[in-house]
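Chemist: prediction below, plus the sequence it came from.
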Amino acid sequence: MVTPVKRSNALPKRCRLSARAEFQKIYAEGQRYDGRLMAAFLRKNELDHHRLGVTASTKAVGKSVDRNRARRLLRELFRRSADELNGLEKHYDWVINAKRSLLKSKEELRFTEFRRIVEQVARNERRS
RNA sequence: AGAGCAAGUCGGGUGAUCGCUGCUUCUCCGAUAAUUUCGAAUCUCAAAUUUGAGAUUUGAAAUACAGAGAAGGAGAGGAAAGUCCGAACACCAUAGGGCAGCGAGCCCGCUAACGGCGGGGCGUCCGAGCGAAUUCAGAUCUCAAACUUCAGACUUGAAAUUUCAGAUGAAGAAAGACUCGGACGACGACAAGUGCAACAGAGAACAGACCAGCCGGUGCGGUCAGAUUCUGAGAUCUCAAAUCUGAAACACAGGUGAUGGGUGAAACGGUGCGGCCCGCAAGGGCUAGUUUCAGAUCUGAGAUCUCAAAUCUCAGAUUUGAUUUGAGUAAGAGCGCACCGGCGCGCGUGGUGACAUGCGCGGCCAGGCAAACUCCUCGCGGUGCAAGACCAAAUAGGGAGGCGUAUUGAGAUCUCAGAUUUGAAAUUUGAGAUUUCAAAAUCGGGUUGCCCGCUCGAAGCCUCCGGGUAGGUUGCUUGAUCCAACUGGCAACGGUUGGGCUAGAGGAAUGAUCGCCAUCCCGAUGCGAAAUCAUCGGGAAACAGAAUUCGGCUUACAGGCUUGCUCUCAAA
RNA sequence: CGGGACGUGGCGCAGCCUGGUAGCGCGCACGCUUGGGGUGCGUGAGGUCGCGAGUUCGAAUCUCGCCGUCCCGA
């Protein structure tokens, strides 16, 4: 597939996870990476791109306004980190759970935390 | 100018970059399994050497589909929230009626409808206001106090004066009434029935009698006063004692009744009168009782020389007659009557109506609570867009039809029938069922169309029909719509004309970052006496996210604006 | 989208229907019992009855509106 080399920060719909079964599969078989603002679950897929699923529960985040905002922030984070993700050897299905502290965090903090998680994933790739 | 309250309204603006979801237009690419058009090649057929028809293959274009990209334009709320009411819409159920259950409940209007909204009525509370009536005088009556006079032993009673208080419409104030304004009201019925009310209190719902009060009765000893004396002492009039009578107080048992007290959230409406007869009434008459006088009877004491009787005098009780006054009663009435107030009923007047108001009648007095049971009137079928409609994989299964499930050989087991055998048993023959092995055949798929062959699969296979899951499409945004002008109505709201199209997601889009400008707060600097102003820096900016769609209600909410009312300050 | 239940001392629950006094168990504190602890006995403290309105003379209780927790159906 000839993807345009232009900075593709887009996140179309086919890169999203939606079915409940897929989430369950990733929770069961994937690996977990914890952060202060979020928790990520990863599982390899056979596609040529990454896929993302975001969760923000009432219990963890709060009311619907806050849940919507948390979802958007995480999607934005994933979208803008395409360069880092392309650095990985394989492609994964990601499930990121939002935490309440995400809402009050600043942008840099979010990016640094996400990059740390990506580096951990890369380290695990090299080890195996 | 500031503060508070109420109502209405707005809910930061603008630009850049990167994203998301629909819509419109355009470009590119893919697959050809679709359709149409055009062209080429091969084959077949017909006429005939060039056409026509058909089939197959192939190329191009368009539409549709899928993907990518570009441009344009759109993209959360006043509450999107809570899900408390009411509807639209959809499906299911349903002859009609009743019970149960749930809900609503002053009247009229608005509305598609409502438990919503507007206006009105009534009730409770609050505030303001002005005017009217009345009063500021006199008279009369009642009570109290002081003083005076008279009577009396005291208590006390009567009269007059003064003062104070009260009643008779009764200073002022308060309250009430009237007018205006505001707030609140789940505002049918407790006068159908059942029920509830702690504590306190005498008594708490056809009530009750504690204390004070009132009444007569009884009691006892004392006190006081009077009368009398076969009494005693001093002595001719006093004291003491006894007897009788009366008075006040006390005690006891009882009666009376609701006047006052006290309790409580609440204590059964208020005031007055009280015989009988006549009379509509005004009033009149009679009687009980009262005042005075007279008589009779009884009791006690004294006198008439002594005793008894009789008579006379005095005191007390009972009773008769006359006379005076003339109804209260032993105390007095929840008993009776009247009036006022409330209530109910009837009629009239005003109002669409709730209701208001006047008159008459009744003669009821009936307390509170129905967000106590209950009764009355009215309304209510159920489920909800995951409603429902359409298209429709894979797998399993349903119905109908068709083709098959065959044949041959060998073997095993079981069942039935027959034959042989005296019988059992055994042997054997035939039929049927199950099953093992082998052979060939059948059906379906693949191998470019056909045949052979090869290969895969199967005891089933094929075709059609219907239900239907995943999934997709739709319902899904043009609507009881929005804006403006005019217009009807006190208002809620309605009408006419013109214009606009303003989110439609679906594990769920509407976001992130950075500027600038406004708003508020803090700090620094500058001009300046100060406020203000200017510049710079920092900070704050709410409640909250559409999920089928509307009309309301409720709840949350930084700040701004408008209007009205009230208060404070300043100026005039 | 629709339906239901609950909220009372530190914890678990009564009381609510039928309105007037908030109670039970465990725990806590103190004392006694024991050589000490436990057990046992006795005494005591501790409650805005989730919040706000209303009805009533009076509300944990009745009514309404909010808040929170939990459960169920499609």
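Modeler: Thanks, I have the structure now.
Chemist: need the helices for chain A, in chain order.
Modeler: A:20-29, A:64-80, A:82-86, A:107-127 (DSSP state H).
Chemist: in TSV: those, plus mean neighbour count, mean pLDDT and distance to RNA strand B.
Modeler: Every residue, glycine included, has its C-beta placed from N, CA and C. Below are the helices of chain A laid out as TSV (neighbours: other Cβ atoms under 10 Å; pLDDT from 0 to 100; distance: least, Cβ to the nearest atom of the strand, whole Å):
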stretch	mean neighbour count	mean pLDDT	distance to RNA strand B
helix A:20-29	13	76	4
helix A:64-80	17	85	3
helix A:82-86	14	79	9
helix A:107-127	14	86	4
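Chemist: can you put those helices in a markdown table and add distance to residue A:50?
Modeler: Below are the helices of chain A laid out as a markdown table (distance: least, Cβ to Cβ, whole Å):
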| stretch | distance to residue A:50 |
| --- | --- |
| helix A:20-29 | 12 |
| helix A:64-80 | 8 |
| helix A:82-86 | 5 |
| helix A:107-127 | 11 |
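Chemist: which one of those lies nearest to residue A:99?
Modeler: Closest approach to residue A:99 among those (Cβ to Cβ): helix A:64-80, 8.3 Å.
Chemist: render the CA-only coordinates of the closest one in CSV, please.
Modeler: Below are the C-alpha coordinates for helix A:64-80, written out as CSV (Å, rounded to 0.1, in the frame of the first residue of the first chain):
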residue,chain,number,x,y,z
SER,A,64,-20.6,12.6,30.5
VAL,A,65,-18.9,15.9,29.8
ASP,A,66,-15.7,14.7,31.4
ARG,A,67,-15.9,11.3,29.7
ASN,A,68,-16.3,12.9,26.3
ARG,A,69,-13.4,15.2,26.9
ALA,A,70,-11.2,12.4,28.1
ARG,A,71,-11.9,10.4,25.0
ARG,A,72,-11.1,13.3,22.7
LEU,A,73,-7.9,14.0,24.5
LEU,A,74,-6.7,10.4,24.2
ARG,A,75,-7.6,10.2,20.6
GLU,A,76,-5.8,13.5,19.9
LEU,A,77,-2.8,12.1,21.7
PHE,A,78,-2.8,8.9,19.6
ARG,A,79,-3.3,10.8,16.4
ARG,A,80,-0.5,13.3,17.0
